[in-house]
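Undergrad: could you work out the structure for the sequence below:
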Amino acid sequence: MRIFALPDLGEGLHEAEIVEWRVAPGDEVAADQIVAAVETDKAVVEVPAPRSGRIRALLAEPGAIVKVGAPLVEFEDAEPADAGAVVGTLARAEAPSPGPDRAAVAAAGSIKAAPAVRRRAAELGVDLARLLPTGPDGTITIADVEAAAQSGRPAAATESEARAVELLPLRGVRRAMARTMAKAHAEVVPATVVDEADIGRWPEGTDTTLRLVRAIAAGCRAEPALNARFLSEAEGRVLEARVDLGIAVDLPDGLIVPVLRDVTNRSPADLRAGLDRLKRDVRARTIPLAELKGATITLSNFGMLGGRFAQLVVVPPQVAILGAGRIREDVRVVAGAIRITRLLPLSLSFDHRAVTGGEAARFLAAVIGDLELPD
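TA: Numbering: from 1, shown residues only. Have a look, this model is predicted:
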């Protein structure tokens, strides 16, 4: 019997969550056939079989977090496998033992749990008989076990009690967001400056997002200090020659920030096509991991949802993020005359370790200057 481990997913990723299995125990699979879909920090990735053979066991439940190199699938035969993805046979002491587990299920009556789930319960000291199953057909999942362990007490034995102590573990995008925000809170010295741009001269139908992209490029030309990386350990900064703009996209699962490359040297039509493709791929969860890395500055157009100003979170090693609030009509005095115009609120948050207040103010002034042009 051979064990197929979760392969290296690239981009420095160390773990993934099992989204769904595409095979079942007893299935015959061909080499490169998709056996599972797993979710990394940002994307859903399909995992192919490293070889042909019959599946003996699936070693993780949907919802389980699996480390790279951890056992994923057990094959029945001992056919030589691809050394790049197969980590070898399990030691006897570690091998799943289907006989005793089946006996345990029979003795336990209604308790339904896979061998991997039982091992995890034993590791965490969780009594399976006390759990309220959430899996199909009353099956206890690893998520049920880990939720019980994290709550500091056995899971509720009744549905009403379960609702009272329900724990929703962070998964996928939301878990990545929590870790990123914690890192930002620990490292960055945040500061924010706010202002408004008078966009009353914009033609009807102006693409707000493209104007913001262009304005950020103008701000970076005027004040390169905000298009930079700050290296904490080296206590130094790197001024970036190219503006690679992170675009925050809100999803039900959390926040994803794909990167629009080289925004300074692209036409409006090319930028719009690039934006549309990025958003489409993000929502379908098919965006390549490479397109989620390397932003030099970020735009959050949160005003499409609501809000006027905000203190935004700078994600290191970036040093700045510009937020655009909800556009509103207001009264302004221009050259001694009162007129009604449209105002675009702007919030610039920056890492005060790398950016001075003067640099931030000059950047924001350049952004506003570009936004207030008629076209």
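Undergrad: tell me which element R308 is part of?
TA: Assigned by DSSP states H and E, R308 belongs to no helix or strand.
Undergrad: for it, give me its contacts.
TA: 325-326, 328, 345 (CB atoms under 8 Å, 6 or more residues apart in numbering). For every residue, glycine as well, the C-beta is placed using N, CA and C.
Undergrad: let me know the closest of those to V257.
TA: G325 (18.4 Å; CB to CB).
Undergrad: pLDDT at the closest residue to that closest one other than its chain neighbours, what is it?
TA: Nearest residue to G325, sequence neighbours excluded (CB to CB, 6 or more residues apart in numbering): P345, at 3.5 Å. P345 carries a pLDDT value of 98.
Undergrad: P345 sits in which helix or strand?
TA: Under the assignment here (DSSP H and E), P345 is part of strand 337-351.
Undergrad: ditto for L322
TA: Using DSSP H and E, L322 falls within strand 320-324.
Undergrad: same question for that strand, mean pLDDT?
TA: The model assigns strand 320-324 a mean pLDDT of 98.
Undergrad: and the helix or strand following that strand, what does it pack against?
TA: Using DSSP H and E, the helix or strand that follows strand 320-324 towards the C-terminus is strand 328-334. Here strand 328-334 touches strand 337-351, going by 3 or more CB pairs under 8 Å, 6 or more residues apart in numbering; DSSP states H and E.
Undergrad: most neighbours of all the contacts of R308, which one?
TA: G325 (23 neighbours; other CB atoms under 10 Å).
Undergrad: as TSV, the contacts of R308 with distance to R120 would be great.
TA: Below are these laid out as TSV (distance: CB to CB, whole Å):
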residue	distance to R120
G325	46
R326	47
R328	53
P345	49
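Undergrad: and which of those is nearest L9?
TA: G325 (37.1 Å).
Undergrad: surely that closest one meets L312?
TA: No: using CB atoms under 8 Å as the test, G325 is too far from L312 to be in contact (10.9 Å).
Undergrad: overlap in contacts of those two?
TA: Common neighbours of G325 and L312 (CB under 8 Å, 6+ apart) are S347.
Undergrad: now the strand holding P345: buried residues?
TA: The neighbour-count criterion (16 or more other CB atoms under 10 Å) identifies 342-351 as the buried residues of strand 337-351.
Undergrad: now the helices for the stretch 151-300 of the chain?
TA: With DSSP state H, counting those that start in this stretch, the ranges of helices along the stretch 151-300 of the chain come out as 159-164, 172-187, 208-222, 268-284.
Undergrad: any idea of the mean pLDDT in the shortest one?
TA: Put plainly, it is helix 159-164. 52.
Undergrad: ditto for stretch 132-141
TA: 75.
Undergrad: now the end-to-end length of that stretch.
TA: Taking CA to CA, to the nearest Å, the first and last residues of stretch 132-141 lie 10 Å apart.
Undergrad: report the distance from stretch 47-67 to the chain centre.
TA: Distance of stretch 47-67 from the chain centroid (CA atoms, centre = their mean, to the nearest Å) equals 23 Å.
Undergrad: and stretch 264-274, by the same measure?
TA: 25 Å.
Undergrad: same deal with stretch 34-50?
TA: That offset, for stretch 34-50, works out to 15 Å (CA atoms, centre = their mean).
Undergrad: follow-up on the earlier one: so what strands line up beside the strand holding P345?
TA: Here strand 337-351 is paired, per DSSP bridges, with strand 190-198 (antiparallel), strand 320-324 (antiparallel), strand 328-334 (antiparallel).
Undergrad: pLDDT score assigned to the residue nearest to D250 when sequence neighbours are not counted?
TA: Distances taken as CB to CB, 6+ apart place L305 nearest to D250, at 6.7 Å, with adjacent residues excluded. pLDDT recorded at L305 is 93.
Undergrad: now do the phi/psi pair for L305.
TA: Dihedral pair for L305: phi -100, psi -40, per degrees, to the nearest 10.
Undergrad: that one is in contact with V249, isn't it?
TA: No: at 11.5 Å, L305 and V249 do not qualify as touching, with contact defined as CB under 8 Å.
Undergrad: picking that back up, pipe the buried residues of strand 337-351 into JSON lines and attach distance to E240 per row.
TA: Output for these, formatted as JSON lines (distance: CB to CB, whole Å):
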{"residue": "R342", "distance to E240": "32"}
{"residue": "L343", "distance to E240": "30"}
{"residue": "L344", "distance to E240": "26"}
{"residue": "P345", "distance to E240": "27"}
{"residue": "L346", "distance to E240": "21"}
{"residue": "S347", "distance to E240": "22"}
{"residue": "L348", "distance to E240": "17"}
{"residue": "S349", "distance to E240": "18"}
{"residue": "F350", "distance to E240": "15"}
{"residue": "D351", "distance to E240": "14"}
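Undergrad: nearest to R277, out of those residues: which one, please.
TA: L344 (25.5 Å).
Undergrad: which residues are in contact with the closest one?
TA: Contacts of L344 were listed using CB under 8 Å, 6+ apart, and they are 196-197, 199, 208, 303, 324-325, 327, 371.
Undergrad: run through the bridge partners of it.
TA: Residues in beta-bridge contact with L344 (DSSP bridges): A197.
Undergrad: could you measure from it over to L245?
TA: In this view, L344 and L245 are 17 Å apart by CB to CB, to the nearest Å.
Undergrad: for G254, same thing?
TA: The value you get for G254 to L245, if CB to CB is used, is 20 Å.
Undergrad: looking at the buried residues of strand 337-351, spot the one nearest R285.
TA: S349 (27.8 Å).
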